[in-house]
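Participant: Attaching a predicted model along with its sequence, questions to come.
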Amino acid sequence: MKRKLLFTGLLLTALASADPLTITFSGTGSGSVGGVAFDSAAFIFTFDSDTNLIGKPSCCAPDSSTPEGTPATFWIDDIGTGTFIGDQAVFVNPSPAELNVGIWHYNEPDWLVLNSQAFATYDLKTNLGPILSPVAYTFGEPFGTTKGLIYMNSAAGVVYSAVVSSGVGASVPEPSSMALLGGALVVICTLLRRRSAARPAISQN
């Protein structure tokens, strides 16, 4: 009985510690999507992850990063919306020589990089921003999207923002998490019922 309750407690703790993370990059830039060019157009890139998925990529020990293929969408003025379908991720390098955060090909080249003192102690696991980056660097390797390859040739006025949905009542577990929890509780109840049925009756004499 104690083991079953301990397992249930650990499962509930794991679900409770999963804090949804939404990261946005917004600004103006030039480039192309699916061969259609945009110039000095407003853009928003949105990444959805979770604080317990942040890790240390094998290539870059000081960095922290969201997982490879982090779900991400974009909106670009005159282009519309789309979804990234590559190895996109968000990284931070808080070392004194870097102080960078940005979008990159996981374990591969950077794509859009910002620089600010605000990133000096940042690990992607807390709320931050909005932070206006003094500079923004773009790199040539494109990402695949539902609208075709997306290139960023230049960017300016880029603002970084990260929101962690944590605290009591601040986030609702996803249906898949609730199904997992429900299944685990059913198994536990079944085992306890069988164990009670198999226990010999205690004589009242």
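Facilitator: Right, received. Where do you want to start? Numbers count the residues shown, from 1 in each chain.
Participant: low-confidence ranges in the chain?
Facilitator: Where the chain drops to pLDDT under 70, the residues are 1-17, 167-205.
Participant: where along this protein do the helices fall?
Facilitator: Taking DSSP state H, the helices of the chain run over residues 2-16, 175-198.
Participant: tell me the domain ranges of the protein?
Facilitator: Here the domain parsing of the chain from automatic domain parsing is 2-12+173-198, 20-164.
Participant: Highest mean neighbour count out of those?
Facilitator: Among the domains of the chain, domain 20-164 has the highest mean neighbour count (mean count of other Cβ atoms under 10 Å), at a mean of 17. In short, each C-beta sits where N, CA and C put it, glycine included.
Participant: Run through the strands of the protein in chain order.
Facilitator: 20-33, 36-50, 64-65, 72-76, 80-83, 88-93, 100-105, 110-115, 128-132, 135-138, 150-164 (DSSP state E).
Participant: Chain neighbours aside, what residue packs nearest to the spatially most central residue of the chain?
Facilitator: What sits nearest the mean C-alpha location of the chain, by Cα atoms, centre = their mean, is Ser49, with 1.9 Å. Distances taken as Cβ to Cβ, 6 or more residues apart in numbering place Thr66 nearest to Ser49, at 4.3 Å, with adjacent residues excluded.
Participant: Kindly report the same for Pro142.
Facilitator: Leu149 (4.2 Å).
Participant: quick one: that neighbour and Gly82 touch, right?
Facilitator: No. Leu149 is beyond contact range of Gly82, at 10.9 Å (criterion: Cβ atoms under 8 Å).
Participant: mind listing what Thr22 touches?
Facilitator: 46-48, 162-163, 165 (Cβ atoms under 8 Å, 6 or more residues apart in numbering).
Participant: for these, which one is nearest Ile76?
Facilitator: Nearest to Ile76 out of these is Thr46 (Cβ to Cβ; 12.1 Å).
Participant: Quick check: Pro109 vs Tyr160, distance?
Facilitator: Distance of Pro109 to Tyr160, computed by Cβ to Cβ, to the nearest Å: 19 Å.
Participant: No further questions, thank you.
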